[in-house]
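Asks: need a structure here:
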Amino acid sequence: MTFMKRFIPFMKADPVVAVVRLAGSIGSGPRSPLSDEVIGPVLERAFRRGKPRAVALVLNSPGGSPVQSALIAARIRRLAADKKIHVHAFVEDVAASGGYWLAAAADDIWADTGSIVGSIGVISAGFGAHVALARQGVERRVYTSAESKSMLDPRGAKLADDPELFTGRFWLGAQAHELGLIDGIGHLEPKLKELYGDKVKLVRYGRRRSLFQRFGATFAQDALAGIEERAAFARFGL
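Replies: A predicted model of the protein is given here:
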């Protein structure tokens, strides 16, 4: 019936909201869960196909590359302005550092009471194996500089006047709401029905993986990326 409504002039079509999942660490290249190269085409389809009333971003990311975060966020804002489409962000477990940057590209941010939000600060992480031959050990190296990442301040007047916001700290949903980091507590389907009515249709868009990728032909690279991603989530107890 919804399909028919689109082609019958006197029938009012049910509102459509495109849903894009942004999950994983933010990096560069085709093997990263979140890079502009990978997620860009997905966002383009979501904004341009079927004249959606809005686009909803479902976020679960501990952050990653600041450049890729900027590229993805800029693409979201560019598409929203071009198509005049409202963007909602829904945080699942975590939207931290670059993950929060992506959330802030939306017009409003909703989270669960247990969601982790914030960690606005610079972080660089890697693995060192300089004693691997002698001791077969792996060293974890993490470098941070929280105060220099005030560039992650995209919400302007919505933020509370709190010096702790840019120290790299993170908060659970309710406190993040008090600080102005999110607009409220809410989940995807209930909130979209509240905003667009019970007949709202959610159309989900995701990454298209090749047959080569599906059968694990890049196992070694994916395994290493998976270790790094688990380490990133582990910083938030996840």
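
Asks: alpha carbons of the longest strand anywhere in the chain, as CSV, please.
Replies: Longest strand in the chain, counting residues (DSSP state E): strand 86-96. The C-alpha trace of strand 86-96 is given here as CSV (Å, rounded to 0.1, in the frame of the first residue of the first chain):
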residue,chain,number,x,y,z
HIS,A,86,16.5,17.0,9.1
VAL,A,87,19.1,14.6,10.6
HIS,A,88,18.6,12.7,13.9
ALA,A,89,21.4,10.9,15.7
PHE,A,90,20.6,7.9,18.1
VAL,A,91,23.5,6.7,20.3
GLU,A,92,23.6,3.1,21.3
ASP,A,93,26.5,2.0,23.6
VAL,A,94,28.9,4.8,22.8
ALA,A,95,29.5,8.0,20.8
ALA,A,96,32.8,9.2,22.0
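
Asks: which parts of it are buried?
Replies: Within strand 86-96, the residues scored as buried using 16 or more other CB atoms under 10 Å are 86-96. C-beta here means a position set from N, CA and C on the backbone, and glycine is covered the same way.

Asks: list the strands paired with it, with their directions.
Replies: Partners of strand 86-96 in the sheet, by DSSP bridges, are strand 54-61 (parallel), strand 108-111 (parallel), strand 116-118 (parallel).

Asks: so which of those gets nearest residue 183?
Replies: Of all the strands paired with strand 86-96, the one in closest proximity to residue 183, counting by CB to CB, is strand 108-111 (4.3 Å).

Asks: give me the contacts around the closest one.
Replies: 88-91, 95, 103, 117, 173, 176-177, 181-187, 191 (CB atoms under 8 Å, 6 or more residues apart in numbering).

Asks: give me the three-state assignment for residue 178.
Replies: Under DSSP: H, G, I helix; E, B strand; the rest coil, the three-state class of residue 178 is helix.
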